[in-house]
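Student: How does the following fold in three dimensions:
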Amino acid sequence: MTLKILQDLRGLKVVVIHPQDGFGVSMVNHLRRIGCMVVHVWPIPPELPQMAEIIFLTIEDEYRPDIEILLKSLPEPKPMVLALISYENPKTLQMVIECGAVGIVERPVKPFGLLGNLTLARHLWLERTAQGKELVKLKRKMAGERRLAKAKTILMATKNLTEEQAHQYIRQQAMSKRQPIEEVANMIIQAEDLLRS
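Tutor: Coordinates of the predicted model:
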């Protein structure tokens, strides 16, 4: 897994939002040596200059308004964010949390440790993204099961069927109409709602 993540770092689109000083230039050069495609931006833009997979974002309280504008402009799903911080204080850490960063890199950035931080953060972000997709699937499945249960309840009450018979009825309707069971369940629920109004 680690080797795959390291290989995947090559060619990733990275935006570094950091002053264009010696430390910023050094960081950009190191990321390019790793194999990332890097764009160096300063000052903090109102939106990303290009589609980015990873953002290194300078976090300081004086930049809060600009950071908030940038974060609101990010596309969904949001790119992975690594926070670049000079010091730890409650305001800075609050901003790190608000921006959804999956890692922190200390400023001034030193090449040593950058690859390790980037690899670990990428691994965590990929896991979080996969879990998010799985959660969406489970929520859809649960909502579908609730609609199916409601449709069966309607059929049991209106057609005097057992639960198994109601399920078979919905299944047969789905097969004959060549539609998913969830769609047939929705039609039954909608029909009942129409009859009630």
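Student: so after the lengthiest helix in the chain, what's the next helix or strand?
Tutor: Identified as the longest helix of the chain according to DSSP state H is helix 114-159. Beyond helix 114-159 on the C-terminal side, the first helix or strand identified by DSSP states H and E is helix 163-177.
Student: can you give me the offset of that next one from its chain's centre?
Tutor: Between the centre of helix 163-177 and the centre of its chain there are 37 Å (C-alpha atoms, centre = their mean, to the nearest Å).
Student: got it, and stretch 173-185?
Tutor: Its chain's C-alpha centre and that of stretch 173-185 lie 32 Å apart, by C-alpha atoms, centre = their mean.
Student: ok, and what's touching that stretch?
Tutor: For stretch 173-185, the surrounding residues in contact (C-beta atoms under 8 Å, 6 or more residues apart in numbering) are 144, 147-148, 150-152, 170-171. Backbone N, C-alpha and C define where each C-beta goes, glycine included.
Student: residues near Lys141, how many?
Tutor: 11 (other C-beta atoms under 10 Å).
Student: pLDDT wise, what is it at?
Tutor: pLDDT, Lys141: 88.
Student: swap in Gly144?
Tutor: Per-residue confidence (pLDDT) for Gly144: 87.
Student: re earlier: so of the contacts of stretch 173-185, which two are at opposite extremes in space?
Tutor: Lys150 and Arg171 (15.8 Å; C-beta to C-beta).
Student: So for the two, which sits in the more crowded spot?
Tutor: The neighbour count for Lys150 versus Arg171, taken as other C-beta under 10 Å, is higher for Lys150 (15 against 12).
Student: Can you pull up the most central residue in the protein?
Tutor: The C-alpha lying nearest the average C-alpha coordinate of the chain belongs to Pro77 (C-alpha atoms, centre = their mean; 4.5 Å).
Student: How about the contacts made by that one?
Tutor: Contacts of Pro77 (C-beta under 8 Å, 6+ apart): 129, 132.
Student: any idea how far it lies from Ala130?
Tutor: From Pro77 over to Ala130 the distance is 11 Å, taken as C-beta to C-beta, to the nearest Å.
Student: thinking Leu70 is in contact with Pro49, fair?
Tutor: No. Using C-beta atoms under 8 Å as the test, Leu70 is too far from Pro49 to be in contact (10.9 Å).
Student: quick one: which of the two has more around it?
Tutor: Leu70 (20 against 10).
Student: Return the distance of that one relative to Val28.
Tutor: From Leu70 to Val28 the distance is 18 Å (C-beta to C-beta).
Student: try Leu9
Tutor: 15 Å.
Student: and what of Gly103?
Tutor: Separation of Gly103 from Val28 (C-beta to C-beta): 18 Å.
Student: quick one on the thing from earlier: name the helix or strand for the residue nearest to the centre of the chain, please.
Tutor: Residue-wise, Pro77 maps onto no helix or strand under DSSP H and E.
Student: repeat for the one 5 residues further on
Tutor: In the assignment (DSSP H and E), Leu82 maps to strand 80-85.
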